[in-house]
Structures are given as C-alpha cells and as structure tokens.
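A.B. asks: need a 3D model of the following:
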Amino acid sequence: MSREFWRLGAVALAIALVATACGGDESGDSTAATTTSGSTTTTQPAASGVDSWGYDLVDPLDVGSGDIGIAGSSTVFPLSVAVIAQWQDEGGPQYSIDSIGSGGGFERFCVEGASDISNASRAIKESEVESCGGIGRTPIEIRVGSDALTAVVSKGNTFASSLTLEQLATAFSLPAGSTWADVDPAFPPHPLASYSPGADSGTFDYFNEVVFDEAEPSPILSSGANIVGEDDNITVRGVADDGCAEGDTTTTCAIGFFGFAFFQANAGDLTAVAVGGVAPGADTVNDGSYPISRPLFMYTDAGIVADKPQVGEFILYYLQNVNSLIGEVGYFPAPDAQLQGAADAIAAALGL
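C.D. replies: Modelled structure (predicted):
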C-alpha cells in the first residue's frame with residue numbers, strides 16, 4: 001500500500017498538488033464560499049463572534065501548541081489539507097496528516113491508539129467500534145461533507161460514458177485479458193483495463209458495498225484490475241493515457257474510480273461515467289439520485305478531547321469553516337443538521 005506523509009509546514013505544496021495532479025482533491029482560494037442547489041441547505045460561518053452552530057468562533061492563535069495526529073482516508077485528506085492550510089495561515093500550530101486509507105486510519109485509531117483523529121470516507125464498522133472499545137475509546141462521528149464516488153474513462157472512450165451498476169460490477173470483476181464486449185456485447189471489443197484503490201481504502205469499501213452488495217471477498221481482488229493502493233494519480237494517468245481510439249479495437253480502453261475531486265482536477269483528460277443515466281454532481285448528490293454518493297467523516301473520542309483540548313478546538317474550527325472550502329476541493333457540503341450534530345458533540349466533549 002502506497003503511503004503519503006505530509007508535514008503541513010509544506011502545506012502550500014500539498015495544495016498545489018491537489019489542484020494539478022490530483023495528489024489532493026482540494027485547493028484554490030480558501031476564502032471562496034460554496035453554494036449548492038438541491039435539497040441540502042448549507043450555512044456559512046457567521047460574521048460575528050458566534051458560528052452558525054451557536055458556538056464561539058475558534059481563533060487558531062488562541063489554541064495551544066500541543067500536537068494532533070490525523071490519519072486515514074485519502075479522499076478526506078485533501079479537504080483536511082485545505083482546512084489546515086487556512087488554520088496555519090491564521091496563526092494556528094502545525095499538525096501532521098497521514099493518508100493511509102480509511103481502514104488504515106481506523107487501525108491506527110482503534111487498535112494502535114496512535115492517532116487523535118481518524119479521517120474516513122465510510123462509516124466506522126461495528127468491528128472497529130469494538131476495537132476502539134478495547135483500548136478505552138468511544139468514537140465520536142463527525143460528518144464533514146459528501147462525495148460522489150466517480151467512475152472515469154478517457155476522452156477517447158465514447159461508448160462507456162454511461163453504465164449501469166451491473167455493467168460496473170462486470171467491468172471490475174472480469175479476469176485479465178477481457179474486452180469491453182465481455183462487459184456488454186453491444187460494446188466494441190477493445191481490451192479492458194481497470195484500476196481500483198486498495199482494500200484498505202474507504203473508496204474501495206464503498207464501491208464494493210454499492211456495486212457488489214458488500215461481497216466478501218470483493219470480486220475486484222480476484223479480477224484483472226490494477227490495484228493502485230492509495231495513489232489515485234496512478235488511476236488518473238492509467239485511464240487518461242490508455243490510448244483508446246474509436247474504430248481501432250486493438251487499443252486499450254481503461255476505467256477506474258475515485259472521489260469526485262480527483263475527477264474534477266483532471267476533467268480535461270477524463271470523462272465522468274453516468275451511473276444508471278445519472279451524472280455525478282452537486283444536484284444529484286443532494287437529491288439522492290446519484291447511486292454512489294457517500295458521506296465523509298472524521299472520528300475522535302471524548303477522552304482524547306479531554307486530554308488534548310486542541311483536538312476539539314481544531315475540529316470545531318474545521319466545522320466552522322468546511323463549507324467555505326469544500327466546493328473548491330471538489331466535494332459537497334453535508335446537511336446542516338448533521339454538521340450541527342457534530343458541532344454539538346464536540347462542544348459537549350470540550351465542556352462548552
């Protein structure tokens with residue numbers, strides 16, 4: 001599994017990578033507000049000293065210098081990079097963040113007890129809650145946004161720009177040497193190449209949950225798919241540079257999947273696949289019509305917040321500012337009610 005460790009003193013470089021090669025799913029002007037349409041209402045930070053959730057605005061300059069360890073989802077990683085970049089710009093301490101996948105993050109948080117915040121692109125599993133309990137931790141779930149898990153093909157692929165869930169399942173379960181005609185006899189017989197994140201990834205877990213109905217083991221693992229670990233840039237380049245050419249069935253046509261932000265940052269080279277005729281985007285995520293949209297989370301524990309108040313203060317700051325950053329990263333705001341619930345839970349842990 002490929003791992004990326006970032007010391008956020010160099011966060012400007014991380015933001016640049018997000019904007020270009022998808023080494024992060026976020027970047028841009030950290031002050032621009034997000035607006036969305038659809039059923040989800042989003043609220044920006046209030047102009048006064050009290051936030052939209054009813055709590056005093058956190059000033060990073062007032063937060064102590066103790067460390068915070070953050071690890072987990074490669075999907076949530078660029079969102080956290082964007083928040084921490086703003087945090088540091090406003091005088092807050094430097095924090096480290098490790099992009100190791102949702103499963104790897106829960107291992108570190110619930111088994112090793114070696115992190116304070118676990119980023120996740122899926123909800124925590126009951127077995128992971130039990131592991132946390134074994135080391136005296138009770139996870140607090142913090143909803144921070146929404147993502148549209150996005151299947152992508154290259155610009156040269158004109159026949160697979162819309163697929164059903166069944167066709168996606170076939171494409172990611174076929175053995176090496178298969179063609180697109182094996183996915184659907186109506187498709188031209190181009191050689192098929194598929195790219196998937198590793199099994200420690202929350203993106204992998206959610207794709208397996210929706211497309212394969214939580215099959216264990218996932219059919220992806222025994223297919224001809226290229227497993228790329230946490231480095232979604234391999235998928236970007238593998239699909240974008242596949243050489244797929246209409247009319248020449250000797251050319252390979254690839255498919256991969258990752259978070260919407262990685263597609264957005266490479267939209268000039270990739271085509272987002274509509275699923276069941278529904279394209280990924282803010283409207284279809286908010287109205288629930290896009291079949292593989294998903295929530296994004298952070299997790300911590302009240303005991304951690306009691307011992308290290310800077311953890312709770314940072315998370316409260318995160319919630320106060322996430323909606324003004326999330327759109328530029330390439331994701332979508334969470335419903336206000338869930339952000340309010342997360343703020344209330346952290347405030348309670350802080351004794352506010």
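
A.B. asks: now do whichever helix in the chain runs longest: which elements does it pack against?
C.D. replies: Counting residues, the longest helix found in the chain (DSSP state H) is helix 309-329. Applying 3 or more C-beta pairs under 8 Å, 6 or more residues apart in numbering; DSSP states H and E, we find helix 309-329 packed against helix 77-89, strand 139-148, strand 293-301, helix 302-307, helix 336-350. No exception for glycine: its C-beta is placed from N, CA and C like everyone else's.

A.B. asks: so which of the ones you listed comes closest to N233?
C.D. replies: Closest of these to N233 is helix 77-89, at 12.2 Å (criterion: C-beta to C-beta).

A.B. asks: average pLDDT for that closest one?
C.D. replies: Regarding helix 77-89, the rounded mean pLDDT is 96.

A.B. asks: next helix or strand past it?
C.D. replies: strand 96-99 (DSSP states H and E).

A.B. asks: dump the residue contacts of L174.
C.D. replies: Contact partners of L174, counting by C-beta atoms under 8 Å, 6 or more residues apart in numbering, are 182-183, 192, 194, 223-224.

A.B. asks: likewise for A181?
C.D. replies: 187-189.

A.B. asks: show me what counts as buried in stretch 290-304.
C.D. replies: By neighbour count on 16 or more other C-beta atoms under 10 Å, the buried set for stretch 290-304 is 290-302, 304.

A.B. asks: could you do stretch 258-277 as well?
C.D. replies: 258-266, 270-275.

A.B. asks: tell me which entries of those lie within helices.
C.D. replies: Among those, the members falling in helices (DSSP H) are 260-265.

A.B. asks: distance-wise, check the residue lying closest to E230 once chain neighbours are set aside relative to D182.
C.D. replies: Spatial nearest neighbour of E230, excluding adjacent residues (C-beta to C-beta, 6 or more residues apart in numbering): S74 at 4.6 Å. Using C-beta to C-beta, to the nearest Å, we find S74 at a distance of 30 Å from D182.

A.B. asks: tell me, what residue is most central in this structure?
C.D. replies: Nearest to the geometric centre of the chain sits T75, at 2.4 Å (C-alpha atoms, centre = their mean).

A.B. asks: and that residue, backbone torsions?
C.D. replies: With angles defined as degrees, to the nearest 10, T75 sits at phi -80, psi -40.

A.B. asks: please name the residues that touch it.
C.D. replies: By C-beta under 8 Å, 6+ apart, the residues touching T75 are 25, 121, 147, 202-203, 258-259, 261, 296.

A.B. asks: follow-up on the earlier one: ok, of the ones in helices among the buried residues of stretch 258-277, which one's closest to V228?
C.D. replies: F262 (11.6 Å).

A.B. asks: re the thing from before, with neighbour count, secondary structure and distance to D98 as extra columns, can I get the contacts of L174 in JSON lines?
C.D. replies: Converted to JSON lines, the contacts of L174 look like this (neighbours: other C-beta atoms under 10 Å; DSSP: H, G, I helix; E, B strand; the rest coil; distance: C-beta to C-beta, whole Å):
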{"residue": "D182", "neighbour count": "15", "secondary structure": "helix", "distance to D98": "39"}
{"residue": "V183", "neighbour count": "24", "secondary structure": "helix", "distance to D98": "36"}
{"residue": "L192", "neighbour count": "26", "secondary structure": "strand", "distance to D98": "34"}
{"residue": "S194", "neighbour count": "26", "secondary structure": "strand", "distance to D98": "27"}
{"residue": "S223", "neighbour count": "19", "secondary structure": "coil", "distance to D98": "29"}
{"residue": "G224", "neighbour count": "15", "secondary structure": "coil", "distance to D98": "30"}
